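Participant: let's see this in three dimensions:
(chains A and B)
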Amino acid sequence: MGKHEIRIRRQRLSARGSERFRNYNSILKQHDESKRIKTITRIFTFFFIIIALILIFVVVSRWEKKQTEPGKISTTKIERLNV
Amino acid sequence: MAEDEIRKELLIIERSKKDRQAFGELYEKYFDRIFNYILRQTDDEELAGDLCSQAFVNALNNIGKYENRGFPFSAWLYKIAGNEVNKHYRKNKGKKIFSIEELKVRELVEQTEEGWDEELINRLLGYMNELPTDMVQVLELRFFEDKDFKEIAFILDMTESGAKMRTYRALDKLRTNFNLKVRYHG
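Facilitator: Reported below is the predicted structural model:
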């Protein structure tokens, strides 16, 4: 058997059957809703990126600070040795 | 489609990009065709209604990106509708349904009234069930939606020669396996 099923329709498709589904106002409403969701998603994504960048900046600056601190100790040790 | 009609439609599309209300004209014009196209692939009016609405919402959401590539606007709508149907079947993991009209099959196949019996119809159904799905899709668009091969290729994302090849192969099999005269010569 294939991945589909063929059925025979005895009656011709008419415009009458589709009439109760025809509603352009509902299409416009759904369009506005998806536009709203899109805008909210964009704003959230923007804030998420900003927060992520701030976090990366904080982590990197802390790491740099930690890297420089042991360096200071080692220079004082050298100074003591010289004395 | 006449040149004048195409130009008029393109103007409505341009207006729709700025004013979403203008799209209503295209919606009214193509609603029945898109609904029936989906209904032929679902055999469920409620589902066809839902998928049709979703297809038009998607079309409206993306009308700003629409570019005229030499195809009628309806081909773009058919493509969106087809994608919605495929999405539905992928999500529900169901078997794709093709609900074809008996009258259309009768128009396609030359046969005397006496020759048309339930057995022949059942054999034809069996044969079409065995065909690859993409071949049935091409046949459906060619014979039930009256689309040309260029449009079919655009709607189904395949080459024009691929669409032609699938149609001719299916029809050749039909001619030889059923000894039927098919009213189609390319």
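Participant: burial count for B:Ser161?
Facilitator: Neighbours of B:Ser161 under the rule other Cβ atoms under 10 Å in any protein chain shown: 10. For glycine as for every other residue, the C-beta is placed from the backbone atoms N, C-alpha and C.
Participant: chain B: helices as residue ranges?
Facilitator: B:3-18, B:23-40, B:45-61, B:73-92, B:102-108, B:118-130, B:133-139, B:149-156, B:160-178 (DSSP state H).
Participant: A:Ala52: which of these is closest?
Facilitator: Among the helices of chain B, helix B:45-61 comes nearest to A:Ala52, with 28.0 Å by Cβ to Cβ.
Participant: just the buried positions in that closest one, please.
Facilitator: Buried residues in helix B:45-61, counted by 16 or more other Cβ atoms under 10 Å in any protein chain shown: B:47-61.
Participant: now it and helix B:23-40, what's the angle there?
Facilitator: Computed with axes from the mean of the first three to the mean of the last three Cα atoms, to 10 degrees, the direction of helix B:45-61 lies at 140 degrees from that of helix B:23-40.
Participant: which residues touch whichever residue of chain B sits closest to chain A?
Facilitator: Closest residue of chain B to chain A, Cβ to the nearest Cβ: B:Gly49 (3.5 Å). Counting by Cβ atoms under 8 Å, 6 or more residues apart in numbering or on different chains, B:Gly49 touches A:18, A:20-21, B:35.
Participant: the longest strand along chain B: partners in the sheet, and parallel or antiparallel?
Facilitator: Longest among the strand segments of chain B by residue count, using DSSP state E, is strand B:96-101. Using DSSP bridges, the strands paired with strand B:96-101 are strand A:4-9 (parallel).
Participant: next, the buried residues of stretch B:162-174.
Facilitator: Judged by neighbour count (16+ other Cβ under 10 Å), stretch B:162-174 contains these buried residues: B:162-164, B:166-167, B:170-171, B:174.
Participant: any chance of the residues you listed in TSV, plus pLDDT and distance to chain A?
Facilitator: Shown next, in TSV, are these (pLDDT from 0 to 100; distance: Cβ to the nearest Cβ, whole Å):
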residue	pLDDT	distance to chain A
B:Gly162	94	18
B:Ala163	92	18
B:Lys164	93	21
B:Arg166	91	14
B:Thr167	89	16
B:Ala170	84	12
B:Leu171	84	16
B:Leu174	78	13
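Participant: which members of these are the farthest-apart pair?
Facilitator: Greatest spatial distance in the buried residues of stretch B:162-174: B:Gly162 and B:Leu174, 18.9 Å, computed using Cβ to Cβ.
Participant: pLDDT score for the residue of chain B closest to chain A?
Facilitator: Predicted confidence (pLDDT) for B:Gly49: 95.
Participant: distance check, it against B:Ile152.
Facilitator: Distance, B:Gly49 to B:Ile152, using Cβ to Cβ, to the nearest Å: 25 Å.
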